[in-house]
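1. mind looking at a prediction? Sequence and model below.
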Amino acid sequence: MHTADPAIRVRGLTKSYGQVKVLRGIDLDVRRGTVFALLGPNGAGKTTLVRILSTLVHPEAGQAVVAGHDVVRAPHQVRAAISLTGQNAAVDELLTGVENLRMIGRLRRLGRAESRRRASELLARFDLAEAARRPVKTYSGGMRRRLDLAMSLVTRPPVIFLDEPTTGLDPRSRQDMWDLIKDLADAGTTVFLTTQYLEEADRLAHHIVMINGGRVVAQGTAAQLKSTLAGEHVELTFADPVALSAAAAHLGAEATRPDPGAPVLRVPTDGSAAQVRRMLDRLAAVGVEADAIAVKKPTLDDVFLSLTARPAPATEVNA
Ligand SMILES: Nc1ncnc2c1ncn2[C@@H]1O[C@H](COP(=O)(O)OP(=O)(O)OP(=O)(O)O)[C@@H](O)[C@H]1O
Ligand SMILES: [Mg+2]
């Protein structure tokens, strides 16, 4: 594979289950050594796409190339270049952490000594050394996630798929997982992750693709996606409807009501204190005072909600 080639290249990928078209023509590229985030509502087809890219499920049409190999024509080569962790973890509950790691090493033909060495290294790195000799069934959710990720790194694959790596983790464990993912990408690993936490994509991902209804509905960096929405603004709340009307009249076209049912005015801002003060001074000059004020920046959550507002109906194949 040429170094400029993407680590993952997907073109026109489709997949149906029975009558339901889950993927309706997905195109995407993942640059090598970057973190890529796939976002979409529940049932959008994220896990299905991950399973196709990791050769567990056959696509219906289209093409997917992972680490230079076609997932349909060269599944063994793809499998040798990837690892997958996520919603269906491969951890054996009855074995200890260290036994699980050594077993993977042996399955991947590392040899006994190398398997032991790699297991110790990963246990230390994933903060599992103390729990190493306990059966996994006694591990907490966060410990399991860390072990799951450690298991997929035993043989240092160039491409790693993480299906919701931080679901159910507490804020500290999530932060630890983010640090690990960043380290992986810094070391040159390509990370393909799915997540329901848009903050996660915002912090980690070099490139984000949102899917809905089986299609890509948006893609770009977090900043690019956010810039598709209205910019930073101030929200003024008025308990008194008369005050609201007076403020709206005084601020003129600058002020809009985002929700006609709520006593809120929205005014664009550059986020500076001076600009906000001038606006409040103008209102005070006509005797109007807001009861609450909040400065809002668009988040990826806002982008996601605006793009997935309408629930995507399950679509018939021959519709
Ligand atoms: N093996 C299967 N047989 C039948 N339908 C399936 C199968 N796997 C997935 N589906 C359906 O495909 C659709 C997409 O499922 P998928 O698990 O890919 O979604 P997802 O985006 O990962 O959702 P979540 O955010 O809940 O994990 C769903 O409607 C699901 O019911
Ligand atoms: Mg899923």
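-> Noted; the coordinates are in hand. Residues are numbered from 1 along each chain as shown. Ligands and ions are numbered 1, 2, ... in the order given.
2. mean confidence score for stretch 156-168?
-> Per-residue pLDDT values across stretch 156-168 average out to 90.
3. next, the buried residues of it.
-> By neighbour count with 16 or more other CB atoms under 10 Å, stretch 156-168 contains the buried residues 157, 158, 159, 160, 161, 162, 163, 164, 165, 166, 167. In short, each C-beta sits where N, CA and C put it, glycine included.
4. now stretch 19-34 - C-alpha only, CSV.
-> The C-alpha coordinates for stretch 19-34 follow below in CSV (Å, rounded to 0.1, in the frame of the first residue of the first chain):
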residue,chain,number,x,y,z
GLN,A,19,-36.5,-5.9,3.5
VAL,A,20,-34.7,-3.2,5.4
LYS,A,21,-32.0,-1.2,3.6
VAL,A,22,-29.6,-0.3,6.4
LEU,A,23,-26.8,1.2,4.3
ARG,A,24,-27.9,2.9,1.0
GLY,A,25,-24.6,3.9,-0.6
ILE,A,26,-21.8,5.0,1.8
ASP,A,27,-18.7,6.7,0.6
LEU,A,28,-15.9,7.6,2.9
ASP,A,29,-12.1,7.8,3.3
VAL,A,30,-10.0,7.5,6.4
ARG,A,31,-6.5,8.9,6.3
ARG,A,32,-3.8,6.8,7.8
GLY,A,33,-2.7,7.6,11.4
THR,A,34,-5.8,9.6,12.1
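5. near ligand 2 at all, that stretch?
-> No: judged by CB under 5 Å from the ion, stretch 19-34 and ligand 2 are separated, with a smallest distance of 11.1 Å.
6. leaving out chain neighbours, which residue sits closest to residue 218?
-> In this structure, residue 218 finds its nearest non-sequential neighbour in residue 210, 4.5 Å apart by CB to CB, 6 or more residues apart in numbering.
7. and the host helix or strand of the one you found, what's buried?
-> Using DSSP states H and E, residue 210 falls within strand 207-212. Under the neighbour-count criterion of 16+ other CB under 10 Å, strand 207-212 has 207, 208, 209, 210, 211, 212 buried.
8. what pLDDT does the model give the last one?
-> Listed pLDDT for residue 212 reads 93.
9. quick check: it touching residue 309?
-> No: Residue 212 is not in contact with residue 309 according to CB atoms under 8 Å; the separation is 9.6 Å.
10. thinking again about what came up before, adding distance to ligand 2, write the buried residues of stretch 156-168 out as CSV.
-> Listed next are the buried residues of stretch 156-168 as CSV, based on distance: CB to the ion, whole Å:
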residue, distance to ligand 2
157, 21
158, 23
159, 19
160, 16
161, 12
162, 11
163, 6
164, 6
165, 12
166, 13
167, 9
